[in-house]
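*Asks:* Next input, structure requested:
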Amino acid sequence: MVKSQRLNPKQLSVWQVTSGQTVNEAWCNAMNAKLEFDAKCNYGATHVTRAINGFAATTYDVLRDFSPMVEIVRDLGAPFGGMAVGTLCCLFAIAKNRVRIEEELHPMLKDIHDRLPAMNMYQHIYNDEHELDHLLQSAVVDAYASFMDYCVAATEFYTQGSLYRVFQSLTSQSMLSLKAEDVKRAVVRVRVCCEDLLGKNVNAIKDQLKDLQTDNIDLQNENDLKTLHHIGSLLGIRAFSTEAHDQQLEKHRSDVVAEFWPRTWHGDQEREKHLSQVLDDAEYQGWIQSHDSGLFIISGENYISGATNCWASLIALNLINKSMGCKHDSSPISVYYLLGHHENDETQFHVISSIIYQLLLQYRNALQDKTQLDELLATLARYQTLSPVEGSHKQNLLQSAALRAIRMLPGGRDIWILVDRVDKCCDELPHSSPGGRRSRKAARTLLRALSSLVKPEGPTVKILAVVNRADWRVEEEADDFEVDGRVLVKRFVQD
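*Replies:* As a prediction, this is how the structure comes out:
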């Protein structure tokens, strides 16, 4: 490949270079020799040093960026892989004996180097059996071969006599420049293949990332559900079915409509008339349109004596259906509790516990706030240990847990809580009242607990409570529930 008779022993020794350390030694020897040579033939140390430094920087960059390609070719088993470093170093060692090498070889090497796009990434970019991977391997081998051809051509050029070099310089396009153009084209082809393969790999990584995100969401949902079940056990909620809960709502609505309004045109007109006196009421409209938290208590009076249900319950039931029908991101978070539809007597603890559970069930992401979750669990753990005789302390802890659950929910969304037939709330401990009527102590406690959830700060909480006036004339005790103007009690009569 190289005419050995034109090379001295020191030049021939670089063909045996096989490691980075010996490459550096050979390179330093070449640079020192060239510096000594130019110092003898030129005047001006600054000029000589600048020329040597420029040439050294270029050749070092080429070696550094080209070395990964050599490793790739060696891994592919190319027959000339073992001679790669030696070929390059031989070219640079010969250059130390040529006075004008920096004017001729330096610009050409730099032009080639500008087209070497980070060769070290190629070792990591093709690692598959895809067609593009094999195409890139082929392009890398071609680039390697063309660069070696260029190095050999340059070596032969500078080992020829001066007359041969003069003749070559007079031609319009020398063999050396043609070889350099081949290198440029080969390196550009590698870059194009790399971009295609990189796009393929990026798409594969994108798909893997989507799968990981899906798996992560599934795991997070599973963990949130376990946490919610633990909270339910602390609240005394053994099982909660959203489907059964909604079915209970529809059945109750049908029962109320059937009891008060016949399924006739006249019955429909009467129903709209009765409901409009609430829906068009100025105070009710002010409460429902306000951006502030508030509790509105409807005291509904039936015209049917001894009716099982309360006609005003339909206001709450319709509002539940309306709020649950909103599915956009800013729609309110709605929960409800219908007293009188469970097997056991329902206390204020059942109602507030169900409200807490439903709020967290609708927005389980709130359970991912570990700080708030730990505080909530600690409060509920203390609540669970208290006995019925410690009712006041239990109520305070449960209200605290409810407020924390509300604060854990996302900002920007209102919270609607609807409680029907507060008058049916029972005390946890048996409590008698004159005439054998049900005590109103538990119902009063429940309304006070609900009023404690409407705070001026934090999320907007709207609570609608319905009381059957035949069982409790709650409007006569309105002052007991007043909290800074955030609680309204109003009587509506079905006439």
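
*Asks:* Report the rounded mean pLDDT for the helix or strand hosting residue 182.
*Replies:* Assigning secondary structure by DSSP states H and E places residue 182 in helix 175-235. Taken as a whole, helix 175-235 carries a mean pLDDT of 81.

*Asks:* helices or strands up against it?
*Replies:* Applying 3 or more C-beta pairs under 8 Å, 6 or more residues apart in numbering; DSSP states H and E, one finds that helix 175-235 contacts helix 101-113, helix 122-125, helix 131-159, helix 348-362, helix 370-385. Bear in mind the C-beta positions are built from the backbone N, C-alpha and C, glycine included.

*Asks:* Domains in the protein, by residue range?
*Replies:* Following automatic domain parsing, the chain resolves into domains at 4-209, 245-347+410-493.

*Asks:* coming back round to it: what is the subsequent helix or strand relative to the helix holding residue 182?
*Replies:* Using DSSP H and E, the helix or strand that follows helix 175-235 in sequence is helix 242-260.

*Asks:* Now tell me what touches the helix or strand that that following helix is followed by from outside.
*Replies:* Sequence-wise, the next helix or strand downstream of helix 242-260 (DSSP H and E) is helix 265-279. The contact list for helix 265-279, computed with C-beta atoms under 8 Å, 6 or more residues apart in numbering, reads 257, 260-261, 284-285, 298, 311-312, 314-315, 318, 492, 494.

*Asks:* Strands - which of those land there?
*Replies:* Within the contacts of helix 265-279, residues falling in strands by DSSP state E are 298, 492.

*Asks:* which among the contacts of helix 265-279 end up buried?
*Replies:* 257, 260, 261, 284, 298, 311, 312, 314, 315, 492, 494 (16 or more other C-beta atoms under 10 Å).

*Asks:* hang on, isn't the last one packed against residue 302?
*Replies:* Yes. With contact taken as C-beta atoms under 8 Å, residue 494 and residue 302 are classed as touching, separated by 5.6 Å.

*Asks:* what is in contact with the two at once?
*Replies:* In contact with both residue 494 and residue 302: 260, 311, using C-beta under 8 Å, 6+ apart.

*Asks:* returning to what we had before: wait, which of the contacts of helix 265-279 is closest to residue 449?
*Replies:* Ranked by distance to residue 449 (C-beta to C-beta), these are led by residue 298 at 17.8 Å.

*Asks:* Tell me who's in contact with that closest one.
*Replies:* Residue 298 neighbours (C-beta under 8 Å, 6+ apart): 278, 312, 315, 316, 464, 465, 466, 467, 490, 492.

*Asks:* and those residues as TSV, adding distance to residue 251 and pLDDT?
*Replies:* Shown next, in TSV, are the contacts of residue 298 (distance: C-beta to C-beta, whole Å; pLDDT from 0 to 100):
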residue	distance to residue 251	pLDDT
278	22	93
312	18	93
315	18	93
316	15	91
464	20	96
465	21	95
466	17	95
467	21	95
490	27	92
492	24	94
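
*Asks:* possible to save those as TSV with distance to residue 448?
*Replies:* TSV is the format used below for these (distance: C-beta to C-beta, whole Å):
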residue	distance to residue 448
278	24
312	21
315	22
316	19
464	16
465	11
466	17
467	14
490	18
492	22
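
*Asks:* Mind checking which of those land in helices?
*Replies:* Here DSSP state H is the test, and the contacts of residue 298 give 278, 315, 316 as lying in helices.

*Asks:* and the second one, what does it touch?
*Replies:* With contacts defined as C-beta under 8 Å, 6+ apart, the neighbours of residue 315 are 275, 278, 279, 298, 464, 466.

*Asks:* Run through the bridge partners of the last one.
*Replies:* Listed beta-bridge partners, residue 466: residue 298, residue 420 (assigned using DSSP bridges).

*Asks:* Thought residue 420 was touching it, still the case?
*Replies:* Yes. If you go by C-beta under 8 Å, residue 466 and residue 420 touch, sitting 4.8 Å apart.

*Asks:* These two: who's more crowded?
*Replies:* Between residue 466 and residue 420, counting by other C-beta atoms under 10 Å, residue 420 is the more crowded of the two (30 against 27).

*Asks:* was I right about the more buried one contacting residue 341?
*Replies:* No. With contact defined as C-beta under 8 Å, residue 420 does not reach residue 341; the gap is 9.0 Å.

*Asks:* Restricting to C-alpha, output stretch 351-358 in CSV.
*Replies:* The C-alpha atoms that make up stretch 351-358 are tabulated as CSV, following Å, rounded to 0.1, in the frame of the first residue of the first chain:
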residue,chain,number,x,y,z
VAL,A,351,-73.7,11.1,56.8
ILE,A,352,-70.4,13.0,57.2
SER,A,353,-68.4,9.7,56.7
SER,A,354,-70.2,9.0,53.5
ILE,A,355,-69.6,12.6,52.2
ILE,A,356,-65.8,12.2,52.9
TYR,A,357,-65.6,8.9,51.2
GLN,A,358,-67.6,10.0,48.1
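
*Asks:* Give the burial count for residue 404, as a bare number.
*Replies:* Residue 404: 16 neighbours (other C-beta under 10 Å).

*Asks:* My assumption is that it lies in a helix; please confirm.
*Replies:* Yes. Membership of residue 404 in a helix is supported by DSSP: H, G, I helix; E, B strand; the rest coil.

*Asks:* okay, how far is it across stretch 452-465, tip to tip?
*Replies:* Length of stretch 452-465, first residue to last, C-alpha to C-alpha, to the nearest Å: 14 Å.

*Asks:* Need the residues that contact it.
*Replies:* Stretch 452-465 has contacts (C-beta under 8 Å, 6+ apart) with 287-288, 291-298, 315-316, 319, 332, 399, 402-403, 406-407, 409, 411, 413-420, 422, 447, 450-451, 483-484, 486-487.

*Asks:* one step back: pull up the overlap in contacts between residue 420 and residue 341.
*Replies:* Listed as contacting both residue 420 and residue 341 by C-beta under 8 Å, 6+ apart are residue 252.

*Asks:* and residue 238, backbone torsions?
*Replies:* The phi/psi pair for residue 238 (degrees, to the nearest 10) reads phi -80, psi -40.

*Asks:* Report the contact partners of it.
*Replies:* Contacts for residue 238 were tallied using C-beta under 8 Å, 6+ apart; they are residue 232.

*Asks:* could the ones in helices among the contacts of residue 298 be laid out in a markdown table, adding distance to residue 182?
*Replies:* A markdown table is the format used below for the ones in helices among the contacts of residue 298 (distance: C-beta to C-beta, whole Å):
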| residue | distance to residue 182 |
| --- | --- |
| 278 | 89 |
| 315 | 86 |
| 316 | 84 |
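
*Asks:* Now for this protein, the helix or strand with the poorest mean pLDDT.
*Replies:* Across the helices and strands of the chain, the lowest-confidence element by mean pLDDT, DSSP states H and E is helix 84-95, at a mean of 44.

*Asks:* Straight-line length of stretch 257-264, end to end?
*Replies:* Per C-alpha to C-alpha, stretch 257-264 runs 11 Å from first to last residue.

*Asks:* which other residues reach it?
*Replies:* 267-268, 270-271, 274, 302, 304, 307-309, 311, 314, 494.

*Asks:* what's the neighbour count on residue 334?
*Replies:* So residue 334, with other C-beta under 10 Å, has 22 neighbours.
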